[in-house]
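Undergrad: Predicted model and sequence follow; I will ask about them next.
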Amino acid sequence: MISVYKFGGASVKDAQGVQNVTGIVRKSTQPLVVVISAMGKMTNAFEELTRYYFNRDLDLCQQKQQEIIRYHQSIIKDLFGDEKGSAGFNRLAELLAQRLKQAPSRHFDFEYDQIVSFGEMFSTSIVADYWTAVGQTNKWVDVRTILKTDDLYRDANVNWELTAELMEDTFLFDEVSCYLTQGFLGGTLSNLTTTLGREGSDYTAAIIGYVLNAREVTIWKDVPGVLNADPRWYSEAVKINELSYNEAIELSFYGAQVIHPKTLKPLQNKNIALQVKSFIEPDGQGTVICERSGISEPVPVFILKKEQVFLTVSPHDFSFIMEDRLIEILTLFSRYRIKMNLMQNSALNFSACFDDGRDTNALMEDLKKNFLVRYNNGVDLLTIRQYTPGAIEQMTSGREVIDSQITRKVARFVMR
Ligand code: ASP
Ligand code: MG
């Protein structure tokens, strides 16, 4: 049976990273499909490049382009001893240059996908050329030709039937036992590039795992596995050895940034285990997400979302918050594509917590037409699964809690 490995940008941020990834792939005794993201923080750089290009800031656009090219060339130089050492990269860099010379269309999301996708194209070409140079046999696949989507640029939906057909015809494992392809990207029926949403490479790995009935999918990260809190703000974080698909889906839904939320459903449907392992300590046990009940460690799990807006609305006319008013409010959230992270209602008020985004003000203005609106910016939303009174006390003491929601399994606090 085959396995799918996914390596994110942090694992291939420099030559040493690429060599480390090569070592991990070499060690696998199973046939592999390897999915790789753009190197380091390149997707952010490409986003900036797209903005300059689209807004016709030609000087900044050229500067960014050079910065991006130089970053890759320096990795190539370290890997091949020559900054022109990757023929695949040289070809693509030329394609990017040509694209940037043309004037953009008026469709930002379309232009975004055509340009940002170079991040994954660059990284996988460099790695494929490097593997060939060091005798790691592999076959490079352009994922855009087999992962077919609609044309909702930047958030494309997968055409599962066609994708399955094309992937089955591509990953034959007759001549090679290792394929290498891009995460995050797809292609429309007319072969235009799409993307699956930021951090979408995990999802790509799951799609391939699902279609090929993989034995497991492994996401290689810079943390030892799924932890019960983000170690950047919680120094006592511990690793969770095993958790159920449903728990993992809940955690990513509440904002734990371990796994892209769309990743788990396809795997759960076919009972394919998802492993989260460290590329820094590849022999460590990591975390396994599989069919089981709950979380193996009886520890509270903390998920903190910062920079939230907490909003409360009440009807001007002192009518109650009934079904029709709720529909009105939710329709506005959906129109502005604002994802609510928490909501609560009473007879006279409706409250919601959500990420502060570019449409926050527009939403407020629309709500003000029919409601009295009060809000706080910059609040924290803390979710605790498997909470204990001690955990709640530890996290909320000294903070002003402006709203809370406690159910059997989950306690949630909006705090200043
Ligand atoms: N490179 C893309 C991003 O950074 C996709 C990914 O890494 O999953 O969003
Ligand atoms: Mg990335």
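TA: Structure received. Ligands and ions are numbered 1, 2, ... in the order given.
Undergrad: For the rest of this, base every contact and every neighbour count on C-alpha atoms.
TA: Noted.
Undergrad: what does the stretch 301-416 of the chain put close to ligand 1?
TA: On the criterion C-alpha under 6 Å from any ligand atom, ligand 1 has no neighbours in the stretch 301-416 of the chain.
Undergrad: max-length helix in this structure?
TA: For the chain, the longest helix by residue count, based on DSSP state H, is helix 58-80.
Undergrad: average pLDDT for it?
TA: Averaged across helix 58-80, the pLDDT comes to 98.
Undergrad: Just after that helix, pick out the following helix or strand.
TA: Next helix or strand after helix 58-80 toward the C-terminus (DSSP states H and E): helix 87-101.
Undergrad: CA-only coordinates of that next one in CSV, if you can.
TA: C-alpha atoms of helix 87-101 as CSV (Å, rounded to 0.1, in the frame of the first residue of the first chain):
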residue,chain,number,x,y,z
ALA,A,87,16.9,23.4,-15.1
GLY,A,88,13.3,23.1,-14.0
PHE,A,89,13.5,26.3,-11.9
ASN,A,90,15.2,28.2,-14.7
ARG,A,91,12.4,27.4,-17.1
LEU,A,92,9.7,28.4,-14.6
ALA,A,93,11.5,31.6,-13.6
GLU,A,94,11.4,32.6,-17.3
LEU,A,95,7.6,31.8,-17.4
LEU,A,96,7.0,34.0,-14.4
ALA,A,97,9.0,36.9,-16.0
GLN,A,98,6.9,36.6,-19.1
ARG,A,99,3.7,36.6,-17.1
LEU,A,100,4.6,39.7,-15.2
LYS,A,101,5.4,41.5,-18.4
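Undergrad: confidence score at K265?
TA: K265 carries a pLDDT value of 93.
Undergrad: got it, and P261?
TA: For P261, pLDDT reads 79.
Undergrad: and V373, helix, strand or coil?
TA: Counting by DSSP: H, G, I helix; E, B strand; the rest coil, the backbone at V373 sits in strand.
Undergrad: So whichever residue of the stretch 101-250 of the chain sits closest to ligand 1 versus I69, what's the distance?
TA: Nearest residue of the stretch 101-250 of the chain to ligand 1, counting by C-alpha to the nearest ligand atom: E199, 3.1 Å away. Using C-alpha to C-alpha, to the nearest Å, we find E199 at a distance of 22 Å from I69.
Undergrad: Give me the more crowded residue out of those two.
TA: Neighbour count, other C-alpha atoms under 10 Å: between E199 and I69, E199 has more, with 19 against 16.
Undergrad: ok, the residue lying closest to that one once chain neighbours are set aside - how many residues close by?
TA: Counting by C-alpha to C-alpha, 6 or more residues apart in numbering, E199 lies nearest to H260, which is 6.4 Å off, once chain neighbours are set aside. Residues within reach of H260, counting by other C-alpha under 10 Å, total 19.
Undergrad: Then I392?
TA: 17.
Undergrad: contacting residues around it?
TA: Counting by C-alpha atoms under 8 Å, 6 or more residues apart in numbering, I392 makes contact with I384.
Undergrad: can you confirm it is in a helix?
TA: Yes - secondary structure assignment places I392 in a helix (three-state DSSP).
Undergrad: State the pLDDT value of it.
TA: At I392, the model reports a pLDDT of 96.
Undergrad: any idea how far I295 is from it?
TA: Taking C-alpha to C-alpha as the measure, I392 and I295 are separated by 19 Å.
Undergrad: Was I right to think F318 contacts N370?
TA: No - with contact defined as C-alpha atoms under 8 Å, F318 does not reach N370; the gap is 10.9 Å.
Undergrad: Who has more neighbours out of those two?
TA: Shown here are F318 and N370; by other C-alpha under 10 Å, N370 has more neighbours (16 against 12).
Undergrad: for that one, what are its contacts?
TA: By C-alpha under 8 Å, 6+ apart, the neighbours of N370 are P315, H316.
Undergrad: burial of Q102, as a residue count?
TA: 9.
Undergrad: Check the gap between it and L192 for me.
TA: 16 Å.
Undergrad: N377 in helix, strand or coil?
TA: strand.
Undergrad: which element is the residue nearest to it when sequence neighbours are not counted on?
TA: Excluding the flanking residues, the one nearest N377 by C-alpha to C-alpha, 6+ apart is V309, at 4.6 Å. V309 belongs to strand 301-315 when elements are defined using DSSP H and E.
Undergrad: what's the model's confidence in whatever helix or strand comes next after that strand, averaged?
TA: Next along the chain after strand 301-315, taking DSSP H and E as the criterion, comes helix 323-335. Mean per-residue pLDDT for helix 323-335: 93.
Undergrad: for the worst-scoring helix or strand of the chain on mean pLDDT, packing partners?
TA: Taking mean pLDDT, DSSP states H and E as the measure, the helix or strand of the chain with the lowest value is helix 245-254, at a mean of 86. Contact analysis of helix 245-254 by 3 or more C-alpha pairs under 8 Å, 6 or more residues apart in numbering; DSSP states H and E lists helix 264-269, strand 287-290 as its packing neighbours.
Undergrad: so who does Q65 touch?
TA: Q65 makes contact with L49 under the criterion C-alpha under 8 Å, 6+ apart.
Undergrad: mind checking how far it is from K77?
TA: According to C-alpha to C-alpha, Q65 and K77 sit 18 Å apart.
Undergrad: Please report how far L363 lies from ligand 1.
TA: 26 Å (C-alpha to the nearest ligand atom, to the nearest Å).
Undergrad: wait, doesn't that residue sit right on S334?
TA: No - counting by C-alpha under 8 Å, L363 sits too far from S334 to count as a contact (10.0 Å).
Undergrad: quick one, which of these two is more surrounded?
TA: The neighbour comparison of L363 against S334 (other C-alpha under 10 Å) goes to L363, with 18 against 12.
Undergrad: hang on, the more buried one in a strand?
TA: No - read with three-state DSSP, L363 is helix and lies in no strand.
Undergrad: Against L330, how distant is it?
TA: For L363, the distance to L330 equals 11 Å [C-alpha to C-alpha].
Undergrad: try D113
TA: On the measure of C-alpha to C-alpha, D113 and L330 end up 29 Å apart.
Undergrad: Of the two, give the one with the bigger neighbour count.
TA: More crowded of D113 and L330, by other C-alpha under 10 Å: D113, with 25 against 12.
Undergrad: ok, the residue lying closest to the more buried one once chain neighbours are set aside - contacts?
TA: Leaving out its chain neighbours, the residue that sits closest to D113 by C-alpha to C-alpha, 6+ apart is T194, at 5.3 Å. Each residue near T194 by C-alpha under 8 Å, 6+ apart is listed here: 110, 113-114, 117, 144, 149, 151-156, 185-188.
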